[in-house]
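# any chance you can model this:
(chains A and B)
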Protein chains: 2
Amino acid sequence: MNFEERQSKRAKSVKSSMIRELLKYVSDPTFISFGGGAPDPDTFPRNEMAEIAKEVIEKEYRFTLQYGLTEGDPILREEFIKLLNRRYGIEGLDVENVVITVGSQQALDLIGKVFLDEDSVYFISAPAYVGALSAFLTYSKNYITIPLEDDGLSMDILESKLKELDEKGELKKLKFVYTVPTFHNPAGVTMSLEKRKRLIELSERYDFIIVEDDPYSALRYEGEDLPSIFKLAGKERVILLNTFSKIFSPGVRIGAVVGRKDIILKVSQMKQGADLCTPSLTQRLTARYLQRYDIFEHLKKAIEVYRKKRDLMLKGIEENMKDVDVKYVKPMGGLFIWVKFPDEFDTLEMLEIAKKNKILYIPGSAFHPDGGGRNTLRLSFCLPPEEKIVEGMRRLGRTIREYFKGV
Amino acid sequence: MNFEERQSKRAKSVKSSMIRELLKYVSDPTFISFGGGAPDPDTFPRNEMAEIAKEVIEKEYRFTLQYGLTEGDPILREEFIKLLNRRYGIEGLDVENVVITVGSQQALDLIGKVFLDEDSVYFISAPAYVGALSAFLTYSKNYITIPLEDDGLSMDILESKLKELDEKGELKKLKFVYTVPTFHNPAGVTMSLEKRKRLIELSERYDFIIVEDDPYSALRYEGEDLPSIFKLAGKERVILLNTFSKIFSPGVRIGAVVGRKDIILKVSQMKQGADLCTPSLTQRLTARYLQRYDIFEHLKKAIEVYRKKRDLMLKGIEENMKDVDVKYVKPMGGLFIWVKFPDEFDTLEMLEIAKKNKILYIPGSAFHPDGGGRNTLRLSFCLPPEEKIVEGMRRLGRTIREYFKGV
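Here you go, the predicted model:
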């Protein structure tokens, strides 16, 4: 049986992400990986989680071991709304504005399913989060990229592309602008308040939806919080994606979509066909944790851990990349540092030398669906212990010097 | 912002399933529901699960609370392969033949994603499992229905439809035949060995894939096991879907796709974009349970419980539906009884009287995407306690008599 012939077009065009492909090296303990964005498991509240898991299975087994509502555990949705209010000042939500998803990756997939036909147009940043790409590309390949600047998406370029669409009479095909405004993955940058306001203005003028993906904003190491786009503009034309993966644990796979009730209803209907419901067990476990503990108080320890790791990595760049003209933005939060090398660099090519030196990173081209970014790479500082960050940056320095000699 | 205009075509055409819609009545304790197929939570091994959950969070937190491989927990895949061997005599599998999914609903969605373009053709039974319909219809509406007989799909009609496709030169568009051969949902019937063999023959002659969905075969109350199609034909052109929802707990959301390595790789790649990975916590919990306990030994108690409930419901039909010419097949296993009324019945219409009498069932039309089945309904005996089955069948009898007077 020839399987190749029988695949759907979308299946034929999909490839494994480079990040997943690099996983096979990660299990080798002689490697140091700055690749994946997996958080440090020592930051997870495991003792509290273990107690609660046991308890909710024993006492609430009729809920936790059973099928649940597609929209998600009502108690978790309530607690999540309280959290959004307390941490981000978001008001006016009730449970029908929220659907719980299997991580925010499923949220991205469902957004694609709900909005995108094959000819639909959407905007993403360059570089872009690979998870969003792999979700959206399944449904439509008509993305338009907008360059990221140090203070977020270029609004001038976005506006000119919107005008172009308008002039071609194609605004009707435009579905949304997808953005990670705070501590961008992979670029580490944060969209300024001014640009947030301008994006909202543009969305009103050109009548499009903003999909705001916010996995990292609670992981701020310095500076002042900026209001989320959802907080600024309200839910009329903003959909907020969130996740517990970076502030609690990715192993529970709890994400959420927040938005207008008509949109949330449709997302839930699409989720019915996708997996019926998110596991009741991990939802109730998360809900009871939120009721009993202050998740942001717990997160303070994680923030300390990550700030120190970030600083070590920044120091590692200073110390080990003196010979090359590198550019990077010090991230105020999140998990990534984005490094730009001179134009002649090809970080995918350099990865072979890196593997020899037992150090891993993600080449920037992985975040550019239409090519480009070959002279960039993403470093993640969240998972390796401190001494491995120091040693890893030495290996990376050596890799760059060896590659540079060859270039 | 006009959301209606912005939806994808697939989103516009989707509706909530009737089963999910009826859920709102289920929370009212004055109702008795024979609607959903949720198993009896008292059959779940909750004490063992509670202990293991606590332990795997405390001791294996680096795995259970972290992101995992898209393909699934390697230990769970190993244990699942052993289970398939021990219970079904399936041999020759290794971990690369298995991907773990968020329940078998996700397995169905991924099968749709991997195989179906908008113009792809696939065969389903009439009546058909609604979860499969809601997954596949998202990708292609070109299904062809094959009537179910008391011994499974009509092979004569399948063959004649295959010939038709061949004559029209459209065999290339055919992707698969989807079937629940054992204890069909909703029809309760089981495909005979003869028909299983004939289906395999046809698949070889007309070169198509068989998607065998097998959630219920371990729940046999009488009679002898039949070999699965996957066991009979091997993995060359059969894909097996399985789930722990009916034999362990649906709240952990653990399903699986078993098949050729090239197919499984592609299913995993599509899963990457869908949700990155199934929760590590519920996977490892299931794996450790399988290592420590004999799940089929535990299941014996559940089988006793369900057999008794089935018998009570069958008795209820005998006692309460004397006035009407009803037809049904006594199911040898699974969770459902399918009842056929005289042609003039409309069970969707009758549902209004049923609601008044505080009894719920699923009208047969819900299982017929192209209409039909209006004189049928599905009864599920798994969830209500015994006394409620007795009382519920009385209410259903009353409902039928009241409706019959009106017809």
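# C-alpha only now, for contacts and for neighbours.
Noted.
# so what's residue A:256 up against?
The contact partners of residue A:256, by Cα atoms under 8 Å, 6 or more residues apart in numbering or on different chains, come to A:98-101, A:103-104, A:107, A:241-243.
# from the residues you listed, list the ones also adjacent to chain B.
When Cα under 8 Å from any Cα of the partner chain is applied, the members of the contacts of residue A:256 adjacent to chain B are A:103-104.
# closest to chain B out of the contacts of residue A:256?
Set against chain B, the nearest of the contacts of residue A:256 by Cα to the nearest Cα is residue A:103 (6.5 Å).
# apart from its chain neighbours, what residue comes closest to the residue in the stretch 251-400 of chain A positioned nearest to chain B?
Proximity of the stretch 251-400 of chain A to chain B (Cα to the nearest Cα) peaks at residue A:251, 3.9 Å away. In space, and not counting its chain neighbours, residue A:251 is closest to residue B:65: 3.9 Å by Cα to Cα, 6 or more residues apart in numbering or on different chains.
# would you agree that neighbour is in contact with residue A:249?
Yes. Contact between residue B:65 and residue A:249 holds when scored by Cα atoms under 8 Å: they sit 5.4 Å apart.
# quick check: neighbours shared by the two?
Residues touching both residue B:65 and residue A:249 (Cα under 8 Å, 6+ apart): A:41, A:44.
# which of these two has more neighbours?
For the pair residue B:65 and residue A:249, the greater number of neighbours falls to residue B:65 (29 against 26), based on other Cα atoms under 10 Å in any protein chain shown.
# any chance you could read off phi and psi for that one?
The phi and psi values for residue B:65, taken as degrees, to the nearest 10, are phi -100, psi 0.
# separation between it and residue B:289?
Per Cα to Cα, to the nearest Å, residue B:65 is found 18 Å from residue B:289.
# where does residue A:257 land on pLDDT?
If you check residue A:257, the pLDDT there is 98.
# so it: helix, strand or coil?
Following DSSP: H, G, I helix; E, B strand; the rest coil, the label given to residue A:257 is strand.
# confidence score at residue A:16?
In this model, residue A:16 carries a pLDDT of 69.
# can you name the residues that contact whatever residue of the stretch 51-200 of chain A ends up closest to chain B?
Per Cα to the nearest Cα, residue A:65 is where the stretch 51-200 of chain A lies closest to chain B, at 3.9 Å. Contact analysis of residue A:65 by Cα under 8 Å, 6+ apart lists A:57, A:280-281, B:41, B:44, B:249-252.
# which helices and strands does the longest helix along chain A pack with?
In chain A, taking DSSP state H as the definition, the longest helix is helix A:295-320. If contacts are counted by 3 or more Cα pairs under 8 Å, 6 or more residues apart in numbering or on different chains; DSSP states H and E, helix A:295-320 sits against helix A:386-406.
# where does chain A have low pLDDT?
Counting by pLDDT under 70, chain A shows low-confidence ranges at A:16, A:20, A:407.
# domains in chain A, as residue ranges please.
Annotated domains of chain A cover A:7-36+A:297-406, A:46-293 [automatic domain parsing].
# and the end-to-end length of the shortest one?
Start to finish, the residues bounding domain A:7-36+A:297-406 are 42 Å apart (Cα to Cα).
# before we move on, what about stretch A:241-259?
In stretch A:241-259, first residue to last residue: 9 Å (Cα to Cα).
# now do the strands in the stretch 151-300 of chain A.
Assigned by DSSP state E, counting those that start in this stretch, the stretch 151-300 of chain A shows strands spanning A:152-153, A:174-179, A:209-213, A:238-243, A:254-258.
# can you show me the CA trace of stretch A:375-394 as CSV?
The C-alpha trace of stretch A:375-394 is given here as CSV (Å, rounded to 0.1, in the frame of the first residue of the first chain):
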residue,chain,number,x,y,z
ASN,A,375,22.4,34.5,10.6
THR,A,376,20.3,34.3,13.8
LEU,A,377,19.7,31.8,16.6
ARG,A,378,17.6,31.3,19.7
LEU,A,379,19.1,30.4,23.0
SER,A,380,16.9,29.2,25.9
PHE,A,381,18.2,29.6,29.4
CYS,A,382,15.4,28.0,31.4
LEU,A,383,16.2,24.3,31.6
PRO,A,384,20.0,23.8,32.0
PRO,A,385,21.4,24.2,35.6
GLU,A,386,23.7,27.2,36.1
GLU,A,387,27.0,25.5,35.7
LYS,A,388,25.8,24.0,32.4
ILE,A,389,24.9,27.5,31.2
VAL,A,390,28.4,28.7,31.9
GLU,A,391,30.0,25.7,30.3
GLY,A,392,27.5,25.7,27.4
MET,A,393,28.3,29.3,26.5
ARG,A,394,32.0,28.4,26.4
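# show me what counts as buried in it.
Neighbour-count burial for stretch A:375-394 flags A:375-384, A:386, A:388-390, A:392-394 (criterion: 16 or more other Cα atoms under 10 Å in any protein chain shown).
# show me the contacts for residue A:271.
For residue A:271, the contact set (Cα under 8 Å, 6+ apart) comprises A:70, A:110, A:277.
# who does the helix or strand containing the second one touch, helix- and strand-wise?
Residue A:110 belongs to helix A:103-115 when assigned by DSSP states H and E. Where contact means 3+ Cα pairs under 8 Å, 6+ apart, helix A:103-115 is packed against helix A:130-137, strand A:238-243, strand A:254-258, helix A:261-275, helix B:9-13, helix B:261-275.
# other residues contacting it?
Identification of contacts with helix A:103-115 by Cα under 8 Å, 6+ apart yields A:101, A:131-132, A:135-136, A:138-139, A:175, A:241-245, A:250, A:253-257, A:266-267, A:270-271, B:6-8, B:10-11, B:273-276.
# residues from the stretch 101-250 of chain A in reach of chain B?
A:102-106, A:108-109, A:113-117, A:131-132, A:134-135, A:138, A:175, A:207-208, A:236-237, A:249-250.
# count the neighbours of residue A:374 for me.
Residues near residue A:374, counting by other Cα under 10 Å, number 22.
# make sure it is indeed in a strand.
No. Under three-state DSSP, residue A:374 sits outside any strand and is assigned coil.
# tell me the contacts of it?
The contact partners of residue A:374, by Cα under 8 Å, 6+ apart, come to A:345-348, A:363-365.
# show me what counts as buried in stretch A:65-85.
The neighbour-count check on stretch A:65-85 (16+ other Cα under 10 Å) flags A:65-83 as buried.
# for residue A:336, phi and psi?
Reported as degrees, to the nearest 10, the phi and psi values for residue A:336 are phi -130, psi 150.
# can you check the one 3 residues further on too?
The phi and psi values for residue A:339, taken as degrees, to the nearest 10, are phi -120, psi 130.
# just give the closest residue to it, not the sequence neighbours.
Nearest residue to residue A:339 in three dimensions, chain neighbours excluded: residue A:328, at 4.9 Å (Cα to Cα, 6+ apart).
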